[in-house]
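*Asks:* with the input below, show me the fold.
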Amino acid sequence: MILLSAQRMPVAKIADVTFTSADRVRDVIHNFNRDGFASLYPKYKGGRPKTFTLPERREIKKIAKSTPTEHDLPFSTWSLSKLADFLVAEGVVDDISHEGLRVLLREEGVSFQKVKTWKASRGNFGQTNYSGAKSGIVGMVRTWAMELQRAGITANAVCPVAATAMTETVPFLAPYIEGMKNGEPLPDIIRREVGLGTPEDAAGIISFLASDAAAEITGQAFAVGGDRLALWSHPDLTAVEYHDGGWSADDIAAQWNGTFGDTVQSVGEEFPEELMAK
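*Replies:* Next up is the predicted model:
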């Protein structure tokens, strides 16, 4: 929020992109102006941790097991921070820390491994150079978006997924691309579930981002291919823990299952089983 405010983004817009209330944004900015970076550190308090009523716990569990799109949010998976912000914005709870939310979900039998978070830059097996280059471009675009905002210039990344000489080397895609060369249309499962199409499929998003209709869109990464258009989320913290004096290998091993074990991220793309069985 502070970085967005420093870029002169209006409070209402900051509230929209961070999925919280304008009042919360104003409080954060006010506290930062008064206390500086000290206002961003966790406020540890003595006594027992905050408890939640049975109806609150049921509603938190219900929302955690839903998908963000069911609440008209522009992302498909929860992270702890997004879920916590949404619960506060919706008035389910007045306040909840990420660790408190993690503990509550564990107590309610919701493994955060099932509430997966950011999956951008999944990686492509055997294509280290390609994955590294494309991930680097997305990172640069997000930085350019901040640096160029004051000049009114937008910067976005488009990640097309198309039938090319490179994707033809992927074994399970090869038969479909060969069929396309022979005049056969790509089947729906390829165009929709895999999101693979032709290079021409990227023209629409490029034209849109260059138009006045996209004048306020910047710092985003879009994936387009076939019949699918997707917006990738930004990297997000999934687990945070603190240890006085820093962390030794033994300290990490002792804390791993309690804090980090349920939040490890998946790697690689997920494809329909009927395709992979071929």
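*Asks:* just want the most central residue of this structure.
*Replies:* Ser233 (2.9 Å; C-alpha atoms, centre = their mean).
*Asks:* ranges for the strands of this structure?
*Replies:* Residue ranges of the strands in the chain, as given by DSSP state E, are 157-160, 221-225, 228-232.
*Asks:* for the shortest one, list every residue counted as buried.
*Replies:* Along strand 157-160, the positions that meet the burial threshold by neighbour count (16 or more other C-beta atoms under 10 Å) are Ala157, Cys159, Pro160. Where C-beta positions appear, they are placed from N, C-alpha and C, glycine not excepted.
*Asks:* can you check the last one too?
*Replies:* Neighbour counts over strand 228-232 (16+ other C-beta under 10 Å) mark Arg228, Trp232 as buried.
*Asks:* without its sequence neighbours, what residue ends up closest to His71?
*Replies:* Spatially, and ignoring its direct neighbours in sequence, His71 is nearest to Phe86 (7.1 Å; C-beta to C-beta, 6 or more residues apart in numbering).
*Asks:* would you check that the one you found makes contact with Thr67?
*Replies:* No: counting by C-beta atoms under 8 Å, no contact exists between Phe86 and Thr67, whose distance comes to 11.8 Å.
*Asks:* more neighbours, the two?
*Replies:* For Phe86 and Thr67, the more surrounded residue by other C-beta atoms under 10 Å is Phe86, and the numbers stand at 18 against 13.
*Asks:* nearest to Glu178, out of the strands of the chain?
*Replies:* strand 221-225 (17.9 Å; C-beta to C-beta).
*Asks:* that older thread, would you turn the strands of the chain into TSV with distance to Ala203 and mean pLDDT?
*Replies:* Written out in TSV, the entries for these read as follows (distance: least, C-beta to C-beta, whole Å; pLDDT from 0 to 100):
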stretch	distance to Ala203	mean pLDDT
strand 157-160	10	91
strand 221-225	9	91
strand 228-232	12	91
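*Asks:* now these as TSV including distance to His71?
*Replies:* Converted to TSV, the strands of the chain look like this (distance: least, C-beta to C-beta, whole Å):
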stretch	distance to His71
strand 157-160	26
strand 221-225	22
strand 228-232	16
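*Asks:* what's the closest of the ones you listed to Glu56?
*Replies:* Ranking the strands of the chain by distance to Glu56, with C-beta to C-beta as the measure, places strand 228-232 first at 30.8 Å.
*Asks:* skipping its backbone neighbours, what lies nearest Met146 in space?
*Replies:* In space, not counting the residues next to it along the chain, Met146 is nearest to Gln7; the distance is 6.1 Å by C-beta to C-beta, 6+ apart.
*Asks:* what's near enough to touch that neighbour?
*Replies:* Met146, Gln149, Arg150 (C-beta atoms under 8 Å, 6 or more residues apart in numbering).
*Asks:* excluding chain neighbours, what is closest to the second one?
*Replies:* I take that to be Gln149. The shortest distance from Gln149 to any residue other than its chain neighbours is 5.1 Å, reached at Gln7 (C-beta to C-beta, 6+ apart).
*Asks:* and the one you found, backbone torsions?
*Replies:* phi -90, psi 10 (degrees, to the nearest 10).
*Asks:* state the distance from it to Glu59.
*Replies:* 35 Å (C-beta to C-beta, to the nearest Å).
*Asks:* show me where the stretch 101-250 of the chain has helices.
*Replies:* Counting by DSSP state H, counting those that start in this stretch, residue ranges of the helices within the stretch 101-250 of the chain are 128-148, 174-181, 188, 203-209, 249-255.
*Asks:* for the stretch 151-278 of the chain, which spans come out with low pLDDT?
*Replies:* Regions of the stretch 151-278 of the chain meeting the criterion pLDDT under 70 cover residues 266-278.
*Asks:* same thing but at 80, please
*Replies:* Regions of the stretch 151-278 of the chain meeting the criterion pLDDT under 80 cover residues 165-172, 235-236, 238, 261-278.
*Asks:* since that was my last question, I'll sign off now.
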